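# my questions are about this predicted structure, shown below with the sequence.
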Amino acid sequence: MMKQNAFQVSILASGSTGNSLYIESEKKKILIDAGLSGKKITSLMQEVGKTPAELDAIFVTHEHRDHIHGVGVLARKYHLPIYANEKTWEAMAPLIGNVPVEQKFIFDMGATLTFGDLDIESFGVSHDAAAPQFYKFNKDGKSFVMLTDTGYCSDHVRGVIRNANAYLMESNHDLQMLRMGGYPWPLKQRILGDKGHLSNEDGALVMNDILGDATKRIYLGHLSRENNLKELAHLTMENTLKEYDRGVGEAFQIYDTDPDKATHLFAI
């Protein structure tokens, strides 16, 4: 039963192999990204007792395959509206197959869209995609922020996302594992650059800066399968926030995510 004045979230999948997130309010049920096959997303939704037939829309962050793989399939099968900014649409359109024009919606970067009882705020990030944007979801004074796929976090973005109730925060790679690993040097440079991904250390420092009294949950997201370990990401976040005396385990909890297993639905 939906709590009054709350919304619920499940991180269906998070990682370099595919990303998708489910949000449910009293009036709306939405996916953010669908970076796995339609079949896999259906099974992930079933893990939290939901089906794609219940969805009202899909919101897209950017056009990389690990975020859009199942978008076209799901949109066609369930006649779902898709929201993305104009440049993302241009980059994504050839990759997701034919989508009827009446299902295509533009969501400008930096705009806030009221969708049913949710206010969805978009903000640009620094990543090597056409116009990547992520989202802050607001309802009745409560908020949830997703921030992955960014090489750094600007002061402007930090201001937008400060003191949310819960976060999905990027902890993509352990610096040592990435540097010593088998990736070719140009790929390492891309990941380490300003348009790449936040390391465990960088994600933890951003989190320390934006954490507020309202913050109760931090989920670690988009972990690299080759260049990270859940334990390392978790320990880095925990130790960094302990170093700054932020009340780890008391004021808030840190949670892991998985590339192919949904988190429990949690209330914001």
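Received the coordinates, thanks. Numbering: from 1, shown residues only.
# identify each buried residue in stretch 250-257, please.
252, 254, 255, 256, 257 (16 or more other Cβ atoms under 10 Å). (Glycine included, C-beta is placed from N, CA and C.)
# and it, how far apart are its ends?
Stretch 250-257 has its terminal residues 20 Å apart, counting by Cα to Cα, to the nearest Å.
# now swap in stretch 215-229 and tell me
24 Å.
# can you list the residue ranges for helices in the stretch 151-268 of the chain?
Ranges of helices in the stretch 151-268 of the chain, per DSSP state H, counting those that start in this stretch, are 155-161, 175-180, 185-192, 200-210, 230-243.
# same thing with the stretch 1-150 of the chain?
Counting by DSSP H, counting those that start in this stretch, the helices of the stretch 1-150 of the chain are 38-47, 65-68, 71-78, 86-96.
# and the last one, what other elements does it pack with?
In this structure, helix 86-96 makes packing contacts with helix 65-68, helix 71-78, strand 104-106, judged by 3 or more Cβ pairs under 8 Å, 6 or more residues apart in numbering; DSSP states H and E.
# make a markdown table from the buried residues of stretch 250-257 and add distance to residue 212 to it.
Formatted as a markdown table, these follow (distance: Cβ to Cβ, whole Å):
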| residue | distance to residue 212 |
| --- | --- |
| 252 | 10 |
| 254 | 16 |
| 255 | 18 |
| 256 | 22 |
| 257 | 22 |
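# which one of the residues you listed is nearest to residue 124?
residue 257 (23.1 Å; Cβ to Cβ).
# what about residue 50, how many residues close to it?
20 (other Cβ atoms under 10 Å).
# of all the helices of the stretch 151-268 of the chain, which one is nearest residue 83?
Closest among the helices of the stretch 151-268 of the chain, using Cβ to Cβ: helix 155-161, at 18.2 Å.
# could I get the helices of the stretch 1-150 of the chain as a markdown table with distance to residue 242, mean neighbour count and mean pLDDT?
Converted to a markdown table, the helices of the stretch 1-150 of the chain look like this (distance: least, Cβ to Cβ, whole Å; neighbours: other Cβ atoms under 10 Å; pLDDT from 0 to 100):
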| stretch | distance to residue 242 | mean neighbour count | mean pLDDT |
| --- | --- | --- | --- |
| helix 38-47 | 32 | 18 | 98 |
| helix 65-68 | 31 | 20 | 98 |
| helix 71-78 | 39 | 20 | 98 |
| helix 86-96 | 38 | 17 | 98 |
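# good, we can wrap up now.
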